[in-house]
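**Student:** test case, fold it:
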Amino acid sequence: MITAIGRIFISLITNIGKVVIFALRGVLGIFSRPFYFRNVITHIIDVGYFSLPVIGMTAIFTGAVLALQSYTGFSRFSASESSIATIVVLSITRELGPVLAGLMVTSRIGASIAAEIATMKVTEQIDALTTLATDPIKYLVTPRIIASVLMLPVLVLISDVIGIMGGYLVSVYKLGFNANLYIQNSLKYLEFQDVASGLVKAAIFGFIIAIMGCYSGFYSDRGARGVGNATTTAVVSSSMLILLFNYLTTALFFAK
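**Tutor:** Next up is the predicted model:
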């Protein structure tokens, strides 16, 4: 039993080390030539523009449900309308906006990255890049890191606005709140730190999504099953790390 536990522990530490070294190589590629600007632009469009529909749908219904559930729960304690507005705006900007956006982008982009790179490995395209004296990590990983880190905060900012609008629509047109008073209460208790913490989380989540997607693809097994396992590993590991770093970032910003 002790041998099995030791084997698992050593394997865990080895994998963590491989991920850290892989991430460092990807980040260091940002500061050395050549620069693949076309790849960066392509991935920015893929991560940012094509993720907008799913981010928007998730955000608006999250804000709507949050307002409805908050009203249902707070009505038992005779809470005021200002409490609903405050709960919605703080929950969206601090937690739900970045976390849900990160998880949705993980499902879409992380899986896509892992499947694409794993397929390139299976078809020996990565070996072909090495043969052509092109660093595959700099060519494939670095542009995805840049695109994800840049676009996740933008997506989260859009998600915050849409989510707050969803709460506003439900509160005003379904629950009968005063529109001007709801907006005033939303802005009254919203601070810069609330929005900034969500954007910092988004940048961290973008880095995690890019790294875990690329790492799962690069170290996938051969064959169709290897591609499928790489996709699953990328989504699961990214989701778990997002939840872990969400807690750590929240503790860093708001713990006293």
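
**Student:** how far away from the center of its chain is the one helix or strand residue 227 maps to?
**Tutor:** Per DSSP states H and E: residue 227 is located in helix 224-254. Centroid displacement of helix 224-254 relative to its chain, using C-alpha atoms, centre = their mean, to the nearest Å, is 9 Å.

**Student:** just checking, what packs against the helix or strand containing residue 24?
**Tutor:** Assigning secondary structure by DSSP H and E places residue 24 in helix 2-28. Packing partners of helix 2-28 (3 or more C-beta pairs under 8 Å, 6 or more residues apart in numbering; DSSP states H and E): helix 142-173, helix 192-218. Heads up, the C-betas are built off the backbone N, CA and C, glycines and all.

**Student:** how about residues contacting the helix or strand following it?
**Tutor:** For helix 2-28, the succeeding helix or strand toward the C-terminus, using DSSP H and E, is helix 37-47. If you take C-beta atoms under 8 Å, 6 or more residues apart in numbering as the criterion, helix 37-47 is touched by 105, 109, 112, 139, 143-144, 146-148, 150-152, 155, 206.

**Student:** now do 6 Å
**Tutor:** By C-beta atoms under 6 Å, 6 or more residues apart in numbering, the surrounding residues in contact with helix 37-47 are 109, 143, 144, 146, 147, 148, 151.

**Student:** cool, stretch 240-251 as well?
**Tutor:** Stretch 240-251 is contacted from outside by 99, 102, 201, 204, 205, 208, using C-beta under 6 Å, 6+ apart.

**Student:** the most centrally placed residue in the chain: what's its closest spatial neighbour, skipping adjacent residues?
**Tutor:** The centroid of the chain falls nearest to residue 102 when counting by C-alpha atoms, centre = their mean (2.3 Å). The shortest distance from residue 102 to any residue other than its chain neighbours is 3.6 Å, reached at residue 205 (C-beta to C-beta, 6 or more residues apart in numbering).

**Student:** how much space separates the one you found from residue 111?
**Tutor:** Distance, residue 205 to residue 111, using C-beta to C-beta, to the nearest Å: 15 Å.
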